[in-house]
Each structure stands twice: as C-alpha cells, then as structure tokens.
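> sequence unknown, structure follows:
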C-alpha cells in the first residue's frame, strides 16, 4: 500500500517537473518570437503609413497568427489542468477535489478539437479573399480546412437536434434539421438512416386533420347545432343522441347556461376518451379560466405521483405496482421507507417542473403586466431600467484619500485641506451628479489630477479592487473627455456611512459582508469569524456598483484574530511585500511562523507552474514545500486573513 | 407474520397507511364507451367548440388560440368549408344542416374579422329562411357597418397628410363603434380594430414623420390599450422605438452631423430597457422571451456603440 502511494507521489512529482520544463521551453520560445516581431520597427512604420487593404498573404498571416494564439491558449489551459491534477495527487488531496480537477482536465482535453471563436474570426478574415477568387494555395488550403470543420460542426448540431426532435416525436422540427444536415453533407450514412426513420415516422403518423364525417350528418346534429348557435341552451339539452360528441355539446350548453359544475363533471368523464371529443374536453378542463379546479388538480396529481412512486417495488423503477404481501415484513418495510420517500420526492419534483411549465402556458391572461410600476394617474411612466449596461456618459469615480494624494501630487495638501478629514473623494464631471457641498477644480488642475490617476493606474501604484485597470482607465478617460467638452470637475468628500454596532455585526455575521467597527474589520467566512486591523488604518471599502481607486501598497501589515465554530482561536500578525508573505500566529497548537514566497510568479512562470514556496516553523520543527495556487485564486489568496487559506 | 404489542400496532399502522395510499393512487376506471367516440370532428363537435369560444374576449385574452398556436375560429371555418364542399349543394338545395353550417361559418368569419365574407354568409342564411334567418339578418346589418370601415380607402390617397387624416378617421370610427356596441359581443371586435389602426398609425408616424412623434403615439397606444392581450407587444414596440431613437443619436454622430449626445443616448437607452423589462413581466412565455431577447440584442448593440462613442 505504502509502495503504491510512493509510486503515485513519484508520478505526481515527475509530472510537475516535466510541466515546469515544458513551461520554460514554451515560455522561452514565445518570448523569442515576440521579441523577433518587435525588433522590426521599419515593418511597423510601413504598416502604419500603408493605406491599401491587406493582401491575401497578409490576411493569411493574420488568420494563422490567430489560430496559433488560440492553440497556445489551449495548450496553456491543458497544461495547467494536468499540473493541477498531478499536484493534487502529489499533495494527496481529498478525492472530491481530485475528482473536480480531473473532470476539469478531461473537459479541457475533450474541448481540444472543438471549434473556437478564433477559428470563426480566421474564417471571416480569409473568406472574402476566397470569394474574390484568390488562388493562393496556402489560403485555399486553410479556408478548405476551416470550412470543412465548420460544416462538420453544423451537420453534427443539425443531426443531434434532428435526432432529438425525432425521439420526442416533433416530426416537423426533425424534418427541418435532418434535411438541412443532408443538404450540407449528402453522403453521411447516419443522416440517411435518420431520414429513413423520419420518413417511416411520417408515414405512420395519423393525418393531423381528418375530414369531417359529413356524409354521416344526422338530422339531430342540425337541430342541436342551431340550438347552440342561437344560445337556446335548454332546448340543446333535450336534443342529441347517446353519442359522446352530443354529450359534449350538451355539456357546453350546460356550461354556457351557467351550470358549470355538472358541465365540468361531464367533461371530466368525456376527457377519458380518445379522439377529438376527449381532446376538446381535456383542453377546456386544463384551462384555469374555465375550470377553477384546474389549479387544484396539480396538488392532487402531485400527491398521486408521490404515492405511485413510493408504493412501487423497492429497488426497481416500476411505479404504481402494489406492494407484495411477502414484502410486508416489518423490517423490510421499515428499511424501505427512506427509499420510498426519496423516490416519491423525486417524482414530486419532476411533476412540479411539469406543473410549472404547464401553468405558465395556460395561465390566465394578465393584461396589466407591469402596471403598478409604470402607471401614474392613467399615464405610462417608464421606471428606471434595471438592466445593467456600460454607461457612455462620464460617471463619477470614488478615489481613496491615499490614492488622491498620489494622483494630485503637489496640490494634494491644498485640496485635502478643503475636503476635510474624509476617507475618499468623489470625482465627477457634472455638478448635478454630486449634489450640494462639492467644490469645483480649475480645468488645468482637474486635468492634471486625472492624468495623475491614469498614470498611477498604468504604473500600478493605484488600483481598483472591484474593476479591472482597463475599466477604470476608460472611466477616467470619459471624465477627461467631458472636461474637454467644457464640463468642470467636481469634487466631494465621502466617508463610509457610519452604522450602529448592531447593524454592522448583523451585516457581517448574518450576511457575511465586511463590517468596519472602530477601524477594525469584521467578516464571517463560512464557519469562522475573522477580525483584522490593518497598519495605516482600515482598508478603503468601496460601495457596491461603484468604480473606486485605491493606492496599491507594496508593503502591507496587519494583526488579525480568527475564531472558528470548532472553538479554535488564532491570533496573529502578517506582513507582505511583493506578494511574499511573512506571518506569526498563536493558536491552541502553539506559536507558528510562516513564510510564503511566490517564486514562480517572480520568475514569470506562474502561468506554467502556479506554485509558491511555503515554509512553516512551529513547535514541531520546520516544515515546508511547494503549494499549488490556481491562477484565479492568486488575487483571492492575497486578501485572506492569515497566510494559509485552508 | 405480525407480532403483538406496540410493535405490531406500528406495523399495522404502516400497512394501513400504505394500503390507503394505494387506494388513493389507483386511477378511475376508463369509460368503456370510448370506442363510440367519433374519430373525426363532427358538425356537433365543430359547433360546440365554436360556441364555447364565441364568448371569449378576443381583445383581452388569447383563449381562442390553442397552446400549439392554432386559431379556433380559423380551424372551424376550414372544417365547415370542407364539409360544405363535400356536400356540394347549391343554395336552392340547402337543407337544415347546410343552413347551420353556413351560420356557424358566418360566426367564425365574424370572429376572424372578415366582415364582408361574414356579411355575405349571414345574408345567405337570412335568405334561406329558417329559424336562423332573423338573427342572421340582424348580424348581417352589423357586419355591413363593420365592413364599411374595415380595410383601406376606396379612393387613392396621395398626400401624406391625407393618409394620416384617413388613419385618424378610421381610428375614431372604430372607437365610436366600440362605444355603440358596448357590452355586446361586437364591442371586442371594434376594440381590436381600433387597436390595429392605432398600431398602424404608430408605424406610419415612424416611417413618415419623426421617431419622437411615433414614440408619443406608441405611449398613447399603450395607455389606451392597457387591457389588451397585446399590451406586452405594445411595450416591446415602444422599447423598439426608443432603441431606434438611441441608435439614431449614434448614427448622426458617426456621420459627424452632430456631436454624440451621450446624455440623450443614455436616456433613450434606459427607456428602451425599461419598456422591454415591463414587457418581460408578462406571464406568457412568448412575449417574455421576446423581451428578453430584445434586451440581449440591445445590450449587444450598445456594446458596439460604446466602442464607437468617444
């Protein structure tokens, strides 16, 4: 057993080592290729002054470059997935985690051959040239290959949709999809056999509308029809013959004369019939505006499904069969109850889905949609839209005091004096957006301030925790643009709204959000309560749906406490510099020091080998080793209290 | 098999519960006369279905449209016509069955808003002389009045103002007819006609006047027809008009005819989204899905505009 484990670990280590080597090689090659591209400024200059549309060869180059980049991206993804699995094996992670990583890896491998958006773009690039009659063999070869892949994908999709439609009896859709697939690829045997199955199904399907049996019209039908059309319902009840359609007509007469109870009962009886009579009766019974019991029926149906599923033989999927007498042994019965309940609840869930779908389709018309929200004194007043879209007009930005000091430079102290002791400052191009108590900045200073902000973000001295750098830069550019068009820059002081301790604790403990109490941040994460006090005061907390700019601190330090539901308490201090983290922690198992060094990130290898070095010193001695960090977790890990997120 | 004492009582209880469940779960016996049911639509079934739906408020509800999109009245008309073709009797040879068939057809045509044809069918029944002749003659009078205002003008209209005046005239006429026939089954038909002319008026204003006039007309359309089954569609139309107006702001700026008015663009965009969102609150899946798709499409269009709007 031990040998097997060692073997597995050895394989894991080898995979990681090989992955690192592959990563290095690819990285070196990629870098050299890029440097080669950039080392030809004369080409760049030529392209810049060129005003002719790209030639066939240039388009081919660009298409190939797109495909190359896409391939490289896929290789990186697969590589990362393989490294992650190997790492989980090496670290002897839980089976669940290993399974998740394995599934991710298999998904990446499965998607290797799939068409991508890059292929679409490449096809778009070269298709115009091919249609214009280009005879470049390379271009034609690439076009043929991409076009074949596109056709294959299209045929596959049509075929799958057609087969699915055929399986559920939607012959119209099946015909459309299969004929489309056949038009694209007439030689496929699978499509031909599916088409044969479709034709067989079409031949077997009954005619949708049979001819009325006019030749069998009887005299009473004319009298009954006339009585109904003239709304002489009493006479209609006396006419007719002992035939289901006449019974339905009489039920209609009863219903329209106001005796809906007996009419619905008669329809209920007739709904059990096959053919158009039963179909009509069923349709009216399902209509909740005609049959008030239609809304109550789902409950009955749910109960019935539950009982049918629960009373069937245990261990089989058969429903509705009575329990055998032999199965009535008390122990068997007791043991089967959980399974019966579970089966019943599954049936109920499935039935509920059907009910929801049906009731949506048959819901009574509601002509007053949206009226309460949109109506004022009989007039339509459209409320503000809830759809979130990227605004085009310049919108305010909230800049923390520290970031403001970086951006404003020498004017910071002058401006800061006017803005009081606030945590942050709103910047907006229009005064109306900020309301009263704002001050306007002269145009030259305003533009200098915006320039300082942009430079700070580009040089990573400033950052936004809620949005990417590109979004923030775009927001600042739009404000700058508004200044060019004559707007002034308005500034307004802002501080986190003060809230009572009770509310803050409720927000933190119940909703799991960060609350700040006397410069200490409190946050509940799953089963643990984290309390943190940062050096240089609390971190700037950005309101929801706001673009905020804060200062990037290369050195961070804080003291923290962590209380677990399992009564495990920790107290510690940590500091970080360039993503390296050093911490000291006191817990029930004694004092512990930790150092994390993101070596792969420092070497620029984090995309290929996302691993950081981890050293721990405690009462048990020194331990250490590498630790796997997913690229998407990197940002997250750095803001967690404590050094070890686990 | 069962032991005595509390354990046995519990066993018995569970058994009783399950046997009770089984009794409840059993389905009612099938009607043995199932084979008697006709395999096709008979005259009785056609008339029953038609009569059941003749009282439907087609202006406010979609009950006359089945779940798979078939119009009950169109189906009835088609079935009756086939029955008449099979009987192939001339008007002089008509029997009671033929008179009932024609009267039923006239009623279906009336609900399909094919007034001229309905008028002719009613007249044929009135001339055939039977129990149905009197109501058919009265209905023919109403249909004659309706037919006068249905459809386009008999004289060609060349000037745009005349066309607008014609549209307004028709709209007013149908509103008057809705008032004249209030609380009768003809009121909903007149309301549907008035709604159709008002929708056409919105479209005309959009094509021949300005979008802002079309928006104003569409808002009035929504306000006047807030009980209509097409309320969500009107809101979607309103959203489309706002979206078109926003798009026009962008196009004008792209052609450098005027600087991009971001405030106006965003106000219009916001109104478009708002109208689509209101339409998306409709319970019926069709308009809800359409509204959602419109929102998605407008978001995509806006994303393109965002890149171009400097």
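On my side now, so go ahead. In this text, all values refer to a predicted model and were calculated from it rather than measured experimentally. Residues are numbered from 1 along each chain as shown, chains lettered A, B, ... in the order given.

> doesn't residue A:194 make contact with residue A:163?
Yes. Look at residue A:163 against residue A:194 with Cβ atoms under 8 Å: they come within range, at 5.8 Å. C-beta: built from backbone N, CA, C; applies to glycine.

> how about the residues of the stretch 201-310 of chain B near chain A?
B:219, B:222-223, B:226-229, B:231-232, B:235, B:259-260, B:262-263, B:265-266, B:269-279, B:281-285, B:295, B:299, B:302-303, B:305-306, B:309-310 (Cβ under 8 Å from any Cβ of the partner chain).

> looking at the chain, which helix or strand does the model trust least?
Went with chain A since none was named. helix A:631-639 (a mean of 48; mean pLDDT, DSSP states H and E).

> looking at chain B here, not the other one
helix B:6-25 (a mean of 45).

> toward the C-terminus from that one, list the very next helix or strand.
Counting by DSSP states H and E, the element after helix B:6-25 in chain order, helix or strand, is helix B:43-54.

> now do that next one, average pLDDT.
Mean per-residue pLDDT for helix B:43-54: 88.

> swap in stretch A:542-550?
Here the average pLDDT along stretch A:542-550 is 83.

> need the residues that contact that stretch.
A:395-400, A:402-403, A:407, A:424, A:453, A:456-457, A:462-467, A:471-472, A:475, A:539-540 (Cβ atoms under 8 Å, 6 or more residues apart in numbering or on different chains).

> from start to finish, how long is it in a straight line?
9 Å (Cα to Cα, to the nearest Å).

> cool, and stretch A:284-294?
9 Å.

> spatially central residue for chain B, please.
The centroid of chain B falls nearest to residue B:62 when counting by Cα atoms, centre = their mean (5.4 Å).

> doesn't it belong to a helix?
No. Counting by DSSP: H, G, I helix; E, B strand; the rest coil, residue B:62 is not part of a helix but coil.

> tell me the domain ranges of chain A?
Following automatic domain parsing, chain A resolves into domains at A:2-34+A:54-134, A:148-201, A:397-494, A:568-646.

> how far off centre is the first one?
So that's domain A:2-34+A:54-134. 23 Å (Cα atoms, centre = their mean, to the nearest Å).

> for the last one, same thing?
The gap between the average C-alpha position of domain A:568-646 and the chain average comes to 30 Å, counting by Cα atoms, centre = their mean.

> contacting residues around the closest residue in space to residue A:181 that isn't next to it in sequence?
Take residue A:181 and drop its neighbours on the chain: the residue closest to it by Cβ to Cβ, 6 or more residues apart in numbering or on different chains is residue A:158, 3.7 Å away. Neighbouring residues of residue A:158 by Cβ under 8 Å, 6+ apart: A:177-178, A:180-181, A:184.

> buried among those? Make that a ChimeraX selection.
Provided next is the ChimeraX selection string for whichever of the contacts of residue A:158 are buried by 16 or more other Cβ atoms under 10 Å in any protein chain shown:
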select /A:177,178,180,181
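
> okay, now the unreliable bits of the stretch 201-310 of chain B?
Across the stretch 201-310 of chain B, residues meeting the criterion (pLDDT under 70) sit at B:310.

> need the helices for chain B, in chain order.
B:6-25, B:43-54, B:72-87, B:96-111, B:115-128, B:133-149, B:160-180, B:187-208, B:211-224, B:231-254, B:262-280, B:285-308 (DSSP state H).

> report the separation between the residue nearest to the centre of chain B and residue B:282.
Distance, residue B:62 to residue B:282, using Cβ to Cβ, to the nearest Å: 11 Å.

> what's the local residue count around the residue lying closest to residue B:132 once chain neighbours are set aside?
Spatial nearest neighbour of residue B:132, excluding adjacent residues (Cβ to Cβ, 6+ apart): residue B:103 at 4.8 Å. Neighbour count for residue B:103, taken as other Cβ atoms under 10 Å in any protein chain shown: 29.

> spit out the contact partners of residue B:103.
By Cβ under 8 Å, 6+ apart, the residues touching residue B:103 are A:226, A:229, B:121-122, B:125, B:132, B:136.

> gap between it and residue A:283?
24 Å.

> and if you look at residue A:261?
Counting by Cβ to Cβ - residue A:261 and residue A:283 are separated by 19 Å.

> with residue A:485 instead?
62 Å.

> against residue B:192, how distant is the closest residue to residue B:153 other than its chain neighbours?
Using Cβ to Cβ, 6+ apart and skipping the chain neighbours, the partner closest in space to residue B:153 is residue B:166 (5.6 Å). Residue B:166 is 19 Å from residue B:192, where distance means Cβ to Cβ.

> ok, residue B:152 next?
Using Cβ to Cβ, residue B:152 is found at 17 Å from residue B:192.

> higher neighbour count, residue B:166 and residue B:192?
residue B:192 (21 against 16).

> counting neighbours, what do you get for the spatially closest residue to that one that is not a sequence neighbour?
Leaving aside its chain neighbours, residue B:192 sits nearest to residue B:59 (5.0 Å; criterion: Cβ to Cβ, 6+ apart). Counted with other Cβ under 10 Å, residues neighbouring residue B:59 total 21.
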